[in-house]
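In: sequence and computational prediction follow.
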Amino acid sequence: MSRSLLQVQGLVKTFGGIKATDDLHLDIKEGELHALIGPNGAGKTTLIAQLAGMLEPTSGRILFDGEDVTRLDCVQRVRRGIARSFQITSLWPTLSLVENVVIALQARTEGHAFRFWERARDVASLRDPALQLLERVGLRAKAHRPTQTLSHGEQRQLELAVTLGTGPRLLLLDEPMAGMGIEDSQRMVTLLRELRAHYTILLIEHDMDAVFSLADRISVLVYGHCVATGTPDAIRTDAQVRAAYLGEEV
Amino acid sequence: MADTLLPVANPVVGTGDSARRRASLGVALICVALLAAVPFAASALGDTFYVRVVTRMMIFAIMAISLDLVLGFGGMVCFGHAMFVGAAAYVVGIFVFHASSGEPLTIAGVAFQGSTNALVIWPVAIATSALLALVFGAIALRTSGLYFIMITLAFAQMLYFVAASASGYGGIDGLTLDKAPTLGPLDTGDRQQFYWVVLAALAAAYLLCRRIVESRFGLVLRASRSNPTRLSAVGVSPYRYRLAAFVIAGALAGLAGVLLASSQSFVSPADMSWSRSGELIVMVVLGGMATLYGPIFGAFFYLAAEFALGHLTEHWQLVMGPLVIVVVLFGKGGLAGLWSAVRRGETP
């Protein structure tokens, strides 16, 4: 397999007496779709927050493309190519879809938005790529509507488009299918399958069918600790995993 | 988050509906025409007092617009906005004081003679407000929510007491402008001429803010209000944008300040008191936040109510208070919210 894009070394995060992340080691290879599973409260979202730079780890190191990014803030990590999506949809509900994506795009293309005069919607160099991204997630037709008029499933798709707008190399996707119906979930699985050809992805997801069909490798998190990493087949037959996690559901 | 703190009328700006835009332009032109008719109507009636009243309303409208930029679009509840108004007004007062009294102000051996040329005074005054906004904003914007409200209030109070204790400039009694500054060929002491200056300033301030909120900067500013976390997650740090908005608003409030000084021929610490800052918030919320035109109506409505009710009773705020509560509770989005509901043909 190819080289590592993201390495997590001995990561610890404590909240008072609780260890949300407990001596975690993780190695994400360039180009793979790496799924992270584990029971509720296993510390998956806490991990994503630390990887994205929104939560400072108590100890340990995070290396991105060989560089130590542990002390970099969220904005600096986005510049380097780490982008996260949110488990609870986090968008700008009163802005239009295309505006949502433009906000993400302009940070990448110019590094700032100190343009006070030209109307944002007239800037073709931002609008056109934004529309392409919306096309990609299947929301082109609704590009100019206010985001709050979208259904839950559509908002999840937009969440993905906004995340892609930052031009990431590594996508941290926190339950992209959270709260979706069957139809929307299937559309999202198709979308993720397309995306894995272009991005390295760390995927948190509760939908086991989706995880096992999409992932190149899976890591299992229990009480903030990684108990196993392997291919879907290896994970499915791992006794420790069955006991700790799958056993509860099967 | 600031969203839940105060209701917002209709923050979607420029969704590209050209019919609606034309209608808005039409309403704006009617408003400008009405304002332009005031001096003629007043002189026809032989009562120029109303020219002064409307001048004051327009100046407060500029203050309200500038506050709307930070409060409505940026979600920054600034409870000290009057300090930028007052600071610029005092700069005007101090310039005119030294020019008319003939006593120079000597700082470190350099004698400052003052001036009555508005082309000199006004830029200095506006720059002073902008600089204050930059310094105070840089500190205050490290906080948010209630702390931001308190820190802006604290800064404004600081400035208030500096002015109140400046005995050379009248202290708490304030400072009378003995001469009216001249603006090129115009005499700001002439009520008619000054009216046109203020109307032009209001129109310019409105158009400038309209462009700003629709620009890429404005988009990021609006995004920082409703979801700053997401903004960081796409690689944009909200701080610099908020600070820039704060400085722009400070400069615009400074513009209102220089106009206020000329309109009153007087400046006093009351022009930057905390109650004045509170009134400005009421005007913005009453008019409809994040609409720009709403705060203009808010300022006009507030001052008109003060004027009309003030004639009936000195306890006019007994009526005004409940009125504000009713508008905020039932007319979500203020006067602007009511207005757009009427235009959509709904009952609010």
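Out: Here it is on my side, so go on. All of these numbers come straight from a predicted model, not from anything done at the bench.
In: helices of chain A, residue ranges please.
Out: For chain A, helices defined by DSSP state H occupy the ranges A:44-52, A:74-80, A:97-109, A:124-137, A:152-165, A:182-195, A:208-214, A:232-237, A:239-241, A:247-249.
In: let me redo that: the stretch 1-150 of chain B
Out: Counting by DSSP state H, counting those that start in this stretch, the stretch 1-150 of chain B has these helices, from start to end: B:2-5, B:18-45, B:49-68, B:82-101, B:118-140, B:145-165.
In: just these: most buried one?
Out: Each of the helices of the stretch 1-150 of chain B was given a mean neighbour count from mean count of other Cβ atoms under 10 Å in any protein chain shown, and the largest, a mean of 26, is that of helix B:82-101. Every residue, glycine included, has its C-beta placed from N, CA and C.
In: which helices and strands does that helix pack with?
Out: helix B:49-68, helix B:118-140, helix B:145-165, strand B:175-176, helix B:238-264, strand B:266-267, helix B:274-287 (3 or more Cβ pairs under 8 Å, 6 or more residues apart in numbering or on different chains; DSSP states H and E).
In: got the angle between it and helix B:49-68?
Out: Counting by axes from the mean of the first three to the mean of the last three Cα atoms, to 10 degrees, helix B:82-101 points 130 degrees away from the direction of helix B:49-68.
In: mind saving the C-alpha coords of helix B:82-101 as PDB?
Out: Output in PDB follows, covering the C-alpha atoms of helix B:82-101 (Å, rounded to 0.1, in the frame of the first residue of the first chain):
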ATOM      1  CA  ALA B  82     -22.300  56.100  20.600                       C
ATOM      2  CA  MET B  83     -18.600  56.400  21.500                       C
ATOM      3  CA  PHE B  84     -17.600  56.500  17.900                       C
ATOM      4  CA  VAL B  85     -20.300  59.100  17.200                       C
ATOM      5  CA  GLY B  86     -19.200  61.100  20.300                       C
ATOM      6  CA  ALA B  87     -15.500  60.800  19.500                       C
ATOM      7  CA  ALA B  88     -15.800  62.300  16.100                       C
ATOM      8  CA  ALA B  89     -18.200  65.000  17.400                       C
ATOM      9  CA  TYR B  90     -15.600  66.000  20.000                       C
ATOM     10  CA  VAL B  91     -12.900  66.200  17.300                       C
ATOM     11  CA  VAL B  92     -15.100  68.700  15.500                       C
ATOM     12  CA  GLY B  93     -15.800  70.500  18.700                       C
ATOM     13  CA  ILE B  94     -12.100  70.700  19.600                       C
ATOM     14  CA  PHE B  95     -11.000  71.900  16.200                       C
ATOM     15  CA  VAL B  96     -13.600  74.600  16.100                       C
ATOM     16  CA  PHE B  97     -12.900  75.600  19.800                       C
ATOM     17  CA  HIS B  98      -9.200  76.300  19.100                       C
ATOM     18  CA  ALA B  99      -9.900  78.100  15.900                       C
ATOM     19  CA  SER B 100     -12.600  80.400  17.300                       C
ATOM     20  CA  SER B 101     -11.100  81.100  20.700                       C
END
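In: tell me the confidence at the closest residue to chain A within chain B?
Out: Closest approach between chain B and chain A, counting by Cβ to the nearest Cβ: B:Gly235, at 3.2 Å. Note on B:Gly235: pLDDT of 92.
In: could you look up the SS state of it?
Out: Three-state call for B:Gly235 (DSSP: H, G, I helix; E, B strand; the rest coil): coil.
In: next up, the contacts around the residue nearest to it when sequence neighbours are not counted.
Out: Excluding the flanking residues, the one nearest B:Gly235 by Cβ to Cβ, 6 or more residues apart in numbering or on different chains is A:Val78, at 3.2 Å. By Cβ atoms under 8 Å, 6 or more residues apart in numbering or on different chains, A:Val78 lies in contact with A:Ala107, A:Thr166, A:Pro168, B:Ser232, B:Ala233, B:Val234, B:Gly235.
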